[in-house]
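Asks: could you work out the structure for the sequence below:
(2 chains)
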Amino acid sequence: SQTIHQWPATLVQPVGSPLSLECTVEGTSNPNLYWYRQAAGRGLQLLFYSVGIGQISSEVPQNLSASRPQDRQFILSSKKLLLSDSGFYLCAWSRNSPLHFGNGTRLTVT
Amino acid sequence: AQRVTQPEKLLSVFKGAPVELKCNYSYSGSPELFWYVQYSRQRLQLLLRHISRESIKGFTADLNKGETSFHLKKPFAQEEDSAMYYCALVGAQGAQKLVFGQGTRLTINP
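Replies: Alright, predicted model coming up:
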């Protein structure tokens, strides 16, 4: 069966520090991969998606970037965090709909 | 543009009462609609999708193309239905990008 792992579960980082959140999928090949952010009062916002290795599409301009170095690995990064980057980040995968979500990472930028 | 609107951020009903969570969408083509649910301390998961025409945990949702709505209904609410509910739409079939509404927090009072 397919599983998705996302870590860390929680993270507290100072403003200006770098960020790296990792997501891996097991039990499937060539999945579509997604990063969403769940901000208070704003629902779930799609940040990035990838249909293959090295293929990244950005949905909104922001301080974040994404990379897919391997088929089942999706990384969310930032060189310098902003206070506004605080939120709950969700990784998801799909082959066909529906999406399957990870447990999420609670990021607090202080 | 694709857009999903859930007009109620909070909804509170008594156990045994009917529940309706509203969802309206904007999309020029033929969308695929979903309801996702997030119970306390659990990951976001699919509840139902309109093409399945299923009843899951007593919930149903009918796609009304004339009113561009996909309201979630249950005739008799149970306490375990308390959760965060998200309506979502897939329009761009190639990448299976889900666009989510802002979510409705449903609380069932005993």
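Asks: give me the neighbour count for residue 58.
Replies: Unless you meant another one, I'm taking chain A. Residues near A:Ser58, counting by other CB atoms under 10 Å in any protein chain shown, number 14. Yep, even glycine has a C-beta here, placed from its N, CA and C like the rest.
Asks: meant chain B, my bad for not saying
Replies: Counted with other CB under 10 Å, B:Gly58 comes out at 13.
Asks: ok, it - contacts?
Replies: B:74-76, B:78 (CB atoms under 8 Å, 6 or more residues apart in numbering or on different chains).
Asks: closest to A:Asn103 among those residues?
Replies: For the contacts of B:Gly58, the minimum distance to A:Asn103 (CB to CB) is 24.9 Å, reached by B:Gln78.
Asks: mind saving the C-alpha coords of the helix or strand hosting A:Cys91 as PDB?
Replies: Assessed by DSSP states H and E, A:Cys91 sits inside strand A:87-94. What follows is strand A:87-94, C-alpha atoms only, in PDB (Å, rounded to 0.1, in the frame of the first residue of the first chain):
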ATOM      1  CA  GLY A  87       1.500  28.100   8.900                       C
ATOM      2  CA  PHE A  88       0.700  24.500   8.400                       C
ATOM      3  CA  TYR A  89       2.300  22.900   5.400                       C
ATOM      4  CA  LEU A  90       0.800  19.800   3.800                       C
ATOM      5  CA  CYS A  91       2.400  17.500   1.300                       C
ATOM      6  CA  ALA A  92       0.200  15.300  -0.900                       C
ATOM      7  CA  TRP A  93       0.400  12.800  -3.700                       C
ATOM      8  CA  SER A  94      -1.900  11.500  -6.400                       C
END
